[in-house]
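Undergrad: Return a 3D structure for these sequence lines:
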Amino acid sequence: MRAVVISPPKHWLEERRRLGLDHKDEVWDGVLHMVSPPALVHQLFGSALERLLDRLAAARGLRVVREAGVFGPEGSDKNYRIPDLSIADPKYLSKRGIEARSELVIEILSPDDESRDKLPFFAACGIPEVWLVDPNTRMTEIYVLRGTGYFAVAPDRAGMLRAPALGLELAVVDGPKLRIAWADGVAEI
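TA: Below you'll find the model as predicted:
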């Protein structure tokens, strides 16, 4: 369900902040988007994915950051998105989050979410790779930036998706689980 509230009362926003309900809220070109808390399967899958990607990113000198704001290239506090996971060079990290550039952002899908609507923003930030992952089926869409837009990575004949940012191969296997393979290892989550 979508709800539009024109000029919400200040006390209402303060109450959301006090209760911790605003930690995933985003601001899109000055418009507040209030995001519902994710389901448990979303959180558990995100935690497992973060643990796995943390060591792979660290080997490349990158950091995995969970639910941090990615601020637009203009540097405004009135234009940011909060992907579930971001993998970024530490030089783009600041006190407030990530300054425009990540190597990879991952959105774990929820019913009625706005993940696909964020793609133009991520493209404007120059983020080379975006994953959209269904936590229930583990089906993954990988998008790579070409020019000013994203193009979907097509699976090979074996159903494997190649994720270039970290040199990974992804496939859904029985379980369902997401199998992630790299040069000298493989894991299933």
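
Undergrad: just checking, what packs against the least confident helix or strand in the chain by mean pLDDT?
TA: Counting by mean pLDDT, DSSP states H and E, the weakest-scoring helix or strand in the chain turns out to be strand 26-28, with a mean of 78. For strand 26-28, the packing partners by 3 or more C-beta pairs under 8 Å, 6 or more residues apart in numbering; DSSP states H and E come out as strand 31-33, strand 80-81. All C-beta spots, glycine's among them, are computed from the backbone N, C-alpha and C.

Undergrad: Take those and write them to a markdown table, including mean pLDDT and distance to Asn136.
TA: Output for the helices and strands packed on strand 26-28, formatted as a markdown table (pLDDT from 0 to 100; distance: least, C-beta to C-beta, whole Å):
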| stretch | mean pLDDT | distance to Asn136 |
| --- | --- | --- |
| strand 31-33 | 82 | 23 |
| strand 80-81 | 94 | 23 |
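
Undergrad: ranking those by burial, who's on top?
TA: Greatest average neighbour count among the helices and strands packed on strand 26-28 goes to strand 80-81 (a mean of 22), per mean count of other C-beta atoms under 10 Å.

Undergrad: How far off centre is that strand?
TA: 11 Å (C-alpha atoms, centre = their mean, to the nearest Å).

Undergrad: Parallel or antiparallel, list what pairs with the helix or strand that comes right after it.
TA: For strand 80-81, the succeeding helix or strand toward the C-terminus, using DSSP states H and E, is strand 85-88. Paired with strand 85-88 in the same sheet, following DSSP bridges, are strand 63-66 (antiparallel), strand 104-108 (antiparallel).

Undergrad: Save these as CSV, and put in distance to Glu50 and mean neighbour count too.
TA: Below are those laid out as CSV (distance: least, C-beta to C-beta, whole Å; neighbours: other C-beta atoms under 10 Å):
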stretch, distance to Glu50, mean neighbour count
strand 63-66, 6, 19
strand 104-108, 9, 24
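
Undergrad: Now tabulate those strands in a markdown table and tack on distance to Asp25 and mean pLDDT.
TA: What follows is these, written out as a markdown table (distance: least, C-beta to C-beta, whole Å; pLDDT from 0 to 100):
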| stretch | distance to Asp25 | mean pLDDT |
| --- | --- | --- |
| strand 63-66 | 16 | 97 |
| strand 104-108 | 15 | 98 |
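
Undergrad: want to try a markdown table for those strands, with distance to Ala123 as columns?
TA: Output for these, formatted as a markdown table (distance: least, C-beta to C-beta, whole Å):
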| stretch | distance to Ala123 |
| --- | --- |
| strand 63-66 | 20 |
| strand 104-108 | 11 |
